[in-house]
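Kindly generate the corresponding structure for this input.
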Amino acid sequence: MGVRTALIFSTILLWVSSAWGQGRISEVIFEATDSSSTFLLIHDGEIKSDQVEKLADADPSVLMVRFNGLKAKRQWVKMTDKVIKRALLHPSKEKTNAVVLRIRFKTKRVNNDLLETVSVVLEDAGIRVDIPNDTEQKPKPRVSADETQALNKAELDKQLNAMKSDPSAVGE
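Below you'll find the model as predicted:
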């Protein structure tokens, strides 16, 4: 009975770990260019795009990328970069069966615009996290086409009124 129980127990453990997709991240490779900073996480196992979360930490200078269904040991990422201060890969405290890549920026602040620009690409060899190095995060204009036409019409009316009040400006 003891051998049979051990065999059943080990089979259950194997089934549970494979059901959770317990791949391991074995290495993190960092590469920086003038336009972006890239992390390549080498892993075995499978991961789907819905298992990756981009999150802002309570500290506004920290970006967190959580990979559900993967394991890893706590490790600092060896790197030098003009935008990123440091990065750490560690098991998630909030979720079991997950790993977090914490990226601390020197001056950049993590907001919704930055979260939209960060791309996470699942590749055969691993997971690539690309962060653009645009230090000037320009807000997107939130003017509709109707508002743009209204602004242009108002500007035209203003110029027409100026010409009507000063007829000599028409020849210029």
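
So residue 160 belongs to a helix, correct?
Yes - the assignment for residue 160 by DSSP: H, G, I helix; E, B strand; the rest coil puts it in a helix.

Leaving out chain neighbours, which residue sits closest to residue 32?
Take residue 32 and drop its neighbours on the chain: the residue closest to it by C-beta to C-beta, 6 or more residues apart in numbering is residue 81, 4.6 Å away. For every residue, glycine as well, the C-beta is placed using N, CA and C.

so how far is residue 37 from the one you found?
Counting by C-beta to C-beta, to the nearest Å, the gap from residue 81 to residue 37 is 5 Å.

shared neighbours of those two, which are they?
Common neighbours of residue 81 and residue 37, counting by C-beta atoms under 8 Å, 6 or more residues apart in numbering, are residue 30.

higher neighbour count, the two?
residue 37 (22 against 18; other C-beta atoms under 10 Å).

Now do stretch 108-128: everything it contacts.
Outside stretch 108-128, the residues that reach it (C-beta under 8 Å, 6+ apart) are 38-43, 47-49, 52, 54-57, 60-63, 65, 67, 83, 129-132, 134-135, 137, 139-140.

Filter these down to just the buried residues.
When the contacts of stretch 108-128 are checked for burial by 16 or more other C-beta atoms under 10 Å, the buried set is 39-41, 43, 47, 52, 54, 56, 62-63, 65, 67, 83, 129-131.

In strands only, show me the residues you listed.
Taking DSSP state E, the ones among the buried ones among the contacts of stretch 108-128 that sit in strands are 39-41, 43, 52, 54, 56, 62-63, 65, 67, 129-131.
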